[in-house]
Structure formats: C-alpha cells, structure tokens
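K.L.:
coordinates for the following, if possible.
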Amino acid sequence: MSINLMSAIFRTEFRDLKDEDGNTTKASTAKFICIALADHANDEGEGAYPSIDTMAYKTNLSRTAVINALDVLKYNGILIANGESKRRTIDYTINKTCFSNDSKRGVLVNLLDSEGTPTLPTRVNPLDPNHTITIHETDELSSKDYEQVNAKVDAMITNSARADWQGREAFRPDHYPLVDWYHKVTGQVCGKKQQKEWRMAVNDWTANGLTVADLQAAYDMDIKWLHVYKSPNQLTKTAIALKAQKQAQPKEMTRLL
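P.N.:
Numbering: from 1, shown residues only. Presented below is the predicted three-dimensional model:
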C-alpha cells in the first residue's frame, strides 16, 4: 500500500476518460479504480496486481465496469500493464506523473493530451479539504498507522455497499466490514446454526487486529479452502501468519496484497 500515491490521487481532480473506440468512463469510476490499485502498489506505483474480483469487491463495481475502467486508464497512459504477475493476474504500474506531485491539489494529467514531459496545470474547482476519505501523506508508517489506514479502507467498502443479508443483524456495527466481506466473497449467510462459528471467527479476527485486506490476502492465497471447510475460522491462522510476515519485512518493501 502506498499512502503517498493514494494521497496524490485523492488530491487530483479527474475528468471523464474515453478509450480508443470513444467509450467513456466516468471520472469518479476512474479515480476509485486508481485508489483501489494504489492500495496494492508501492510509492513508485509498481507492483499492483489484484484480481478483477478483488477490484470489483473493493470498488463495489461490476467486473465489466472494472475491466472497462482498467482498459481506459491504460489507453490514456495512467496505467501501464507489465504482463502477468506471480498470481496470474495483470501486474500494473500506476503512472504517478499523472497526479498531483506535491501537497497542492491539481487536475489529472492525461498523457494523450501531453507533449513531452507531463506538467500539472492549475486546478479549478478545488476539492473539499474536509473530504471524509482523504488519507493524509506521511513520511513513515508504523504498524498502528497501517491499521488505521486499513480501517479507513474497510469503512469505505462498508459505506459503498448497502449490505442487507441474513444474519448481519447479529453482529455489532464495528464488525460489519469483516462479516460483509466474508459474506461477499463466499456468498454465505449466517443462520442460527452458523452464528457461533461466525462470532468466534470475527472475535479472533478483531483480537488479532486483522483487517479486510489481511483476510483477502489469506483468501486469495488458497481459495480452494472454501470447497473443503466452508468455515470462516479456517482463514484466521493463514491471515495471522501473512500479517506477521508482512510486518517483518522492511517498511519500504511492505504492501498489502
């Protein structure tokens, strides 16, 4: 995860973008896709290779909308596709020169409209500085910082989807991001028979400081577990191990998968 890049994208005003066939992607969709990708990239915009399903879940967009937006961003030079990743997904680099490169707000630099080295024009209609999902730039991130950022991303996911499914009412509101994620990726609901194991899993996830991103990484690592166990508790051990491995890495090499 790159907080610096996410902050730059938040500070940048997007506009509607067209692909080579004239199809239009809305500015809000393009921006949300870039933010979701930056959640996987390093500060140079490299190493972003989430699956289409992961992007669809994070943005609450359909798979088709995600694919179309990625194609438009590639066509406009905002994304660079670097071939297949180790997870057999597309490895993207986010072209950070397209976004505000300092603490000031700016407009999106579309490489199709640029000659030579892109420059950032003066922005009109400034963004609201009190925007609730703005993540502020920081020079150094502790484990607590990462958890706070992940909590914001979890809240964005929860707020973007008006969840209403069987068993959700049995959980506290602060547990909604976790149970909504599990329901979303597995399609399972929480009947009376499942409440005990679901609550045990959510309590363990919360006690260990696991976020949606941590659980998604564990889920992506071995998606076949669902067909064997079908229990949320089976994810806990893997998610804890992956989180510990991530925190043990140098900060400059750390990113959420």
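
K.L.:
let's test this: name the helix or strand in the protein with the lowest mean pLDDT.
P.N.:
Least confident helix or strand, the chain: helix 225-228 with a mean of 51, by mean pLDDT, DSSP states H and E.

K.L.:
I'd like the next helix or strand past that helix.
P.N.:
Next in sequence after helix 225-228, counting helices and strands by DSSP states H and E, comes helix 233-248.

K.L.:
for that next one, the distance to its chain's centre please.
P.N.:
Taking CA atoms, centre = their mean, to the nearest Å, one finds helix 233-248 lying 18 Å from the centre of the chain it belongs to.

K.L.:
that helix - contacts with which helices or strands?
P.N.:
Counting contacts by 3 or more CB pairs under 8 Å, 6 or more residues apart in numbering; DSSP states H and E, helix 233-248 packs against helix 195-207, helix 212-221. Heads up, the C-betas are built off the backbone N, CA and C, glycines and all.

K.L.:
can we see that at 10 Å?
P.N.:
Under the contact criterion of 3 or more CB pairs under 10 Å, 6 or more residues apart in numbering; DSSP states H and E, helix 233-248 touches helix 143-160, helix 176-186, helix 195-207, helix 212-221, helix 225-228.

K.L.:
least confident of these, on average?
P.N.:
Confidence, taken as mean pLDDT, is least for helix 225-228 of those (a mean of 51).

K.L.:
strands of the stretch 51-200 of the chain, start to end?
P.N.:
79-84, 90-94, 106-107 (DSSP state E, counting those that start in this stretch).

K.L.:
might you list the low-confidence residue ranges for this structure?
P.N.:
Within the chain, the ranges that satisfy pLDDT under 70 run 102-103, 110-164, 222-230, 249-257.

K.L.:
can you give me the distance of the residue lying closest to Pro232 once chain neighbours are set aside to His183?
P.N.:
In this structure, Pro232 finds its nearest non-sequential neighbour in Ala201, 3.7 Å apart by CB to CB, 6 or more residues apart in numbering. Ala201 sits at a distance of 12 Å from His183 (criterion: CB to CB, to the nearest Å).

K.L.:
give me the common contacts of those two.
P.N.:
Common neighbours of Ala201 and His183 are listed as Pro232 (criterion: CB atoms under 10 Å, 6 or more residues apart in numbering).

K.L.:
residues touching the closest residue to Trp205 other than its chain neighbours, list them.
P.N.:
Nearest residue to Trp205, sequence neighbours excluded (CB to CB, 6+ apart): Leu178, at 5.5 Å. By CB under 10 Å, 6+ apart, the contact list for Leu178 reads 154, 158, 171, 198, 201-202, 205-206, 210-212, 214-215, 232.
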